[in-house]
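Q: From the sequence below, what's the structure:
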Amino acid sequence: VESDAKVINMSLACLAKYKNEIAQLLELAYQKHKIIIASKRNSVLENDLGFPAELASCISIDNKMYDNNPYYIEHIDEQPIEFAAHGDKVLVAKSGGGYFRMTGTSFATPTTTANVILLLGAYPNLELFEIKSVLKYHSDKNSFRVYNAVNPLEVADKDDLKSKNGVKCLCPDCKKSVKVPEFFSYAKCPECKNIFPLISPSDK
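A: I've put the predicted structure just below:
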């Protein structure tokens, strides 16, 4: 709250016994025009969906799977959790190198945080309730989309990496030559199935 951060991602869920202390911090953040996006608890306890997610002074996120559009944000009519985003089998970096898939609200929440940051980049003076209104409106109209975005999931799951105009690189594991479109940021080796970052001429 004391930092210069405008948007704060909280992929955590505190117990209800900390509700009062967390509520005071969120109120202070709201007064300083900061936006907090918080995860719902994955394993719901009785009368406890996780804090600060249950508080109205943040944007609360549940986890769902959206195959067609992993950037989509859905409005939930049932309170107190207001929105859901893609957090199912998300490709994440693995400690020690490589990638693997994980599921949970902690992966849906950063997706929403990133979209909120894009929204604030265009309209920096939006307040919390205005951002919620924008997300709800586009969710209800089914019009929330991210265009011209390269999703690492699409690259990682793509078996056919052939392209007429592409970039050749070597797989760091099996040293096989891999050809991928120039704008991809990740490559998948067809031989050993390893997924690795791609540095292309366009990155300079």
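
Q: in this structure, which helix has the most residues?
A: Counting residues, the longest helix in the chain under DSSP state H turns out to be helix 105-122.

Q: Tell me the buried residues in that one?
A: Within helix 105-122, the residues scored as buried using 16 or more other Cβ atoms under 10 Å are 105-116, 119. (Each C-beta comes from the backbone N, C-alpha and C, glycine too.)

Q: ranges for the helices of this structure?
A: Under DSSP H, the chain gives helices at 19-31, 105-122, 128-140, 152-156.

Q: Pick out whichever of the buried residues of helix 105-122 sits closest to P52.
A: Distance to P52 across the buried residues of helix 105-122 (Cβ to Cβ) is lowest for T109, with 11.5 Å.

Q: can you map out the strands along the protein?
A: Assigned by DSSP state E, the strands in the chain fall at 7-10, 35-39, 59-64, 73-75, 83-86, 90-93, 99-102, 166-170, 177-181, 186-188, 195-197.

Q: Just name the most buried of these.
A: strand 35-39 (a mean of 26; mean count of other Cβ atoms under 10 Å).

Q: Alpha carbons of that one, as CSV, please.
A: In CSV, the C-alpha atoms belonging to strand 35-39 read as follows (Å, rounded to 0.1, in the frame of the first residue of the first chain):
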residue,chain,number,x,y,z
ILE,A,35,-6.6,-1.6,-7.5
ILE,A,36,-6.4,-4.9,-5.7
ILE,A,37,-7.2,-8.2,-7.6
ALA,A,38,-7.5,-11.2,-5.2
SER,A,39,-7.9,-14.9,-5.5
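
Q: between that strand and helix 128-140, how big is the angle?
A: If you take axes from the mean of the first three to the mean of the last three Cα atoms, to 10 degrees, strand 35-39 sits at 50 degrees to helix 128-140.

Q: helices or strands next to strand 35-39 in the packing?
A: Judged by 3 or more Cβ pairs under 8 Å, 6 or more residues apart in numbering; DSSP states H and E, strand 35-39 is in contact with strand 7-10, strand 59-64, helix 105-122.

Q: 10 Å instead?
A: For strand 35-39, the elements it packs on are strand 7-10, helix 19-31, strand 59-64, helix 105-122, helix 128-140, judged by 3 or more Cβ pairs under 10 Å, 6 or more residues apart in numbering; DSSP states H and E.

Q: what pairs with that strand, and is each one parallel or antiparallel?
A: Sheet pairing of strand 35-39 (DSSP bridges) gives strand 7-10 (parallel), strand 59-64 (parallel).

Q: what sits against the nearest residue to A85 once chain neighbours are set aside?
A: Sequence neighbours aside, A108 is the residue nearest to A85 in space, at 4.0 Å (criterion: Cβ to Cβ, 6 or more residues apart in numbering). By Cβ atoms under 10 Å, 6 or more residues apart in numbering, the contact list for A108 reads 11, 37, 39-40, 61-66, 70, 73, 83-88, 90.
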